[in-house]
Every structure is written in structure tokens, then in C-alpha cells.
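Asker: Kindly return the folded structure for what I paste below:
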Amino acid sequence: MMSDKLVLYGAGRYGVFAALVLSAAGNTPCCFCDKEHQDSIEPITGLPIISLQMLKSDYPDSEIVVTAFRQKIIDEIYADLKATGIDKNRISQFYSLHDAVMQNPELINYISRHGESDSVTLLGSVLRDQLEIQGDVLKLKDLYFPYDKSFPTLFAELGITLLTYLSGLPYTRKNVGMVDCVNISHAYILEDANCPMTINRNDVVIDAGAWYGDFSLLAAKVFGAKVYAFEPSIANHEKLLKTIALNGCGDKIFAIKSGLGSCAAHLRFDNNPVHSDGSKISDKGNELITVTTVDDFVAENKLGCVDFIKSDIEGFEREMIKGAAKTLRELAPKLSLCTYHFPEDPTLLRILIGKANPAYKFEQRQNMLFAWVEKR
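Answerer: Numbering: from 1, shown residues only. Predicted structure coming up:
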């Protein structure tokens, strides 16, 4: 329901994100207040944007929630509100990274290394009361991950898909698009009639580039799918196994220590010790890995269906698709593919997918290509 007592100060990206989270919790704001965009409608939420003067005259009893996250801007907003004569007791602040840090000191390690980027701040805002660190285990809501103080980028790399889940938001185009526009990793799922990129209970999912198992865990534990998680890196595969064990998902997530490509092979793999999520197949790699194909894996394991393939394999998507031609033609899984590694990926991947199965439809998002075949 909409509250005529709640006004959000700040109609920028963080303000819109705050409006979506509050609305999902049943407390929809009545409007935004913003000095730069007043007397207009915010297009994502459809809420009006009013001036500071109108806030004072027309909303004398409202609660004002400041949605900025840079301290300098927050200070300026409080100064403007004070100069307008608005009682400071009416003013509060949306969940901030500062709040999360005060409750979870381990986040200080992350901030000291990476600063307060948009992605960290938004993730911090939804971690409030949902994050707990116990030794080498990180708990986010009801999901558990292995945690290493020396590798704090886990906080930033968990991605939009998991962030949306933590926020309590449905995976609608509006919500996912809002978080997507803040450049927080990748949105692998979308609930939309015109682009049905969803995972259903008992679906069979292939996770190419499973890393620590963040997407695999979401697919299995939240959506109830059966997941084959491919992760060729020794270090990441060990973390993936730990994620599976921590969450009791051994009957739902099956870790495959292999890459996916256009043919069976043994290839060099560059295992990045600083950003393990960016490890990739490379001639200069320091590790030798096994690579198989989607088609061979499906045949060898006698899979009667594959419903969803997610891939973030550092530009090797094109090779994976070449090795999945039969699966795409006969089983037509939904495809959620990262396209930010090479500029030609959005076009080339469409060509390869269309060659395997001309029935596929496509939608290109900021960093992702969605592909699906309409069900008859």
C-alpha cells in the first residue's frame, strides 16, 4: 500500500532502489523530493518528484527518508532540510553501508580495499540484518558461502540475481533493470511475459563458470532446480564444494571439475589469485584443466531435458555454444550468457545460437544475452 506519510529525498538510482525495496515490503512511498528533478515523474516507479518547498508546504506531517549514500551529499541534504525549517526528528536514512559496517565489522576490510562504489553501497544496504560472518563462513539470509578475509570481493561479485533475492524484490523487468543499471555484476534471471528467463522447481540447470556456487545455490536452494555446476579451477572448485556442503545441497547441486567448450580437450587455465571470479582459459595459464562439451555431457549422463544454461566463462561462451548445438536444437534450454568480455559477443552469439536452432528469440541487456524458444 502507498503511504502518504513517507517521502524519499533523492530520486537518483539509490532512491529508486530504496523505493522498490520499501514497496516490496508493503510500504510504498508517496513521492520523491529532489532539487534537480522536481516537478516530474520518476519513470521506473511512477512516483512524482516534488520540490523542497512543496515538501514543506504540502507534506507537513510526512516522514522523510534520505536515500543518498555519499556522506557529502547526505550532509548537504540535511543542511537543506534544516534551512527549510523541517524538524530533524522527521528525518531518517535508508539502510546505509555505514549501518551494515557498524553491525558487521568485517565489511571494513572490503571498504578499505575497494572504496564505497555504487555496487558495494547497494549491496551493503540490503545486507542489514541479513549478513553474519562466523570464522570462514559467510551467511547471507538463509544462504551460506565460504569466506576468506584475504578475498573480500565476494561481497561485490555476488551479483544482481542474488542481490534481488536478498532485497525481497520479484525478478520483474523494472526491478532487475533498476539494479542492472547500477552495474552490479549480472542479472541472470528475468520474470517477464515477453522474456521468460525464469527457473522453475525441478528444472535441470547447467551453470557454466560456477565460481563459488552463488548462482547454483540460488537455482537449487531458492528455486528448487537440479544444477550441474561446472568449475574447472582447483581453488574455485574446492570453494564450490564447500558451498554445497554448507547448504546441504549435495542432492541438488553436482560439482563438475571441468570447463565447457567446443570439443573435449585439455587446456591451459589462468587461475587469477586476486580476482578468482575472472580466472579464464588462456595459453599463458598456470593450470591444466579438462574441457568437455554440453552435448557430450548431456549424452553421457542421459539427460532427457536441460531447461536453463547460465554462462559466465570469460569470453569462452562462443566455444561453449559451438559444443552445445545438438542440445540447443533438441532440448532448447533458456540461455543466460555474459556478453561483456568481447565487443562482438552480442552479435556472434546470436549467430551461433540461431544456426543451432532458428526458433530462438533474443534480448540483449547491459551485460547479458537472453535467448529462449517459445513454448507451444
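
Asker: Now do residue 222 against residue 167, distance only.
Answerer: As judged by Cβ to Cβ, to the nearest Å, residue 222 and residue 167 stand 13 Å apart. C-beta: built from backbone N, CA, C; applies to glycine.

Asker: okay but residue 50 is in contact with residue 31, surely?
Answerer: Yes: between residue 50 and residue 31 there is a contact at 5.4 Å, judged by Cβ atoms under 8 Å.

Asker: neighbour count winner among the two?
Answerer: Neighbour totals were compared for residue 50 and residue 31, and residue 31 leads with 24 against 21 (other Cβ atoms under 10 Å).

Asker: list the contacts for the residue lying closest to the more buried one once chain neighbours are set aside?
Answerer: Leaving aside its sequence neighbours, residue 31 sits nearest to residue 48 (Cβ to Cβ, 6 or more residues apart in numbering; 4.7 Å). Applying Cβ atoms under 8 Å, 6 or more residues apart in numbering, one finds that residue 48 lies in contact with 31, 32, 40, 41, 42.

Asker: Now for the closest residue to residue 373 other than its chain neighbours, how many residues are close by?
Answerer: In space, residue 373 comes closest to residue 332 once its chain neighbours are excluded; the distance is 4.0 Å by Cβ to Cβ, 6+ apart. Look at residue 332: counted by other Cβ under 10 Å, it has 20 neighbours.

Asker: which SSE is residue 332 in?
Answerer: Under the criterion DSSP states H and E, no helix or strand holds residue 332.

Asker: one step back: okay, the contacts of residue 48 in a markdown table with secondary structure next?
Answerer: Converted to a markdown table, the contacts of residue 48 look like this (DSSP: H, G, I helix; E, B strand; the rest coil):
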| residue | secondary structure |
| --- | --- |
| 31 | strand |
| 32 | strand |
| 40 | strand |
| 41 | strand |
| 42 | coil |
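
Asker: okay, now the domains of the chain?
Answerer: Here the domain parsing of the chain from automatic domain parsing is 6-94, 96-186, 188-372.

Asker: pLDDT below threshold where in this structure?
Answerer: Residues of the chain meeting the criterion pLDDT under 70: 1-4, 69, 95-129, 149-161, 163, 177-186, 269-286.

Asker: send the alpha carbons of the helix or strand harbouring residue 77 over as CSV?
Answerer: Assigned by DSSP H and E, residue 77 belongs to helix 71-83. C-alpha atoms of helix 71-83 as CSV (Å, rounded to 0.1, in the frame of the first residue of the first chain):
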residue,chain,number,x,y,z
GLN,A,71,28.3,11.3,3.1
LYS,A,72,29.0,14.7,1.4
ILE,A,73,25.6,14.6,-0.3
ILE,A,74,23.9,13.4,2.9
ASP,A,75,25.3,16.4,4.8
GLU,A,76,24.1,18.7,2.1
ILE,A,77,20.6,17.3,2.2
TYR,A,78,20.4,17.6,6.0
ALA,A,79,21.6,21.2,5.7
ASP,A,80,18.9,22.0,3.0
LEU,A,81,16.2,20.4,5.2
LYS,A,82,17.3,22.3,8.2
ALA,A,83,17.4,25.6,6.3
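
Asker: Could you number the chain from 12 rather than 1 from now on?
Answerer: Sure thing, new numbering starts at 12, so read that last one as helix 82-94.

Asker: what's the residue nearest to residue 384 in contact with, if anything?
Answerer: Contacts of residue 343 (Cβ under 8 Å, 6+ apart): 368, 370, 371, 383, 384.

Asker: any idea how far residue 85 lies from residue 105?
Answerer: Computed as Cβ to Cβ, the residue 85 to residue 105 distance reads 10 Å.

Asker: Give me the more crowded residue out of the two.
Answerer: residue 105 (22 against 18).

Asker: The more buried one reaches residue 31, doesn't it?
Answerer: No: applying Cβ under 8 Å as the test, residue 105 and residue 31 come out as separate, 11.5 Å apart.

Asker: any idea how far residue 363 is from the residue nearest to residue 42?
Answerer: 46 Å.

Asker: what's the answer for residue 225, then?
Answerer: 26 Å.

Asker: Looking at those two, which one has more neighbours?
Answerer: Neighbours were counted for residue 225 and for residue 363 using other Cβ under 10 Å; residue 225 has more, 24 against 19.

Asker: The more buried one contacts residue 177, doesn't it?
Answerer: No: in this structure residue 225 lies outside contact range of residue 177 using Cβ under 8 Å: 11.3 Å.

Asker: Mind listing residues that contact the helix holding residue 88?
Answerer: Under Cβ under 8 Å, 6+ apart, the answer for helix 82-94 is 20, 21, 46, 63, 75, 77, 79, 99, 102, 104.

Asker: Next secondary structure after it?
Answerer: Next element after helix 82-94 (DSSP H and E): strand 102-104.

Asker: Thank you kindly, that will do.
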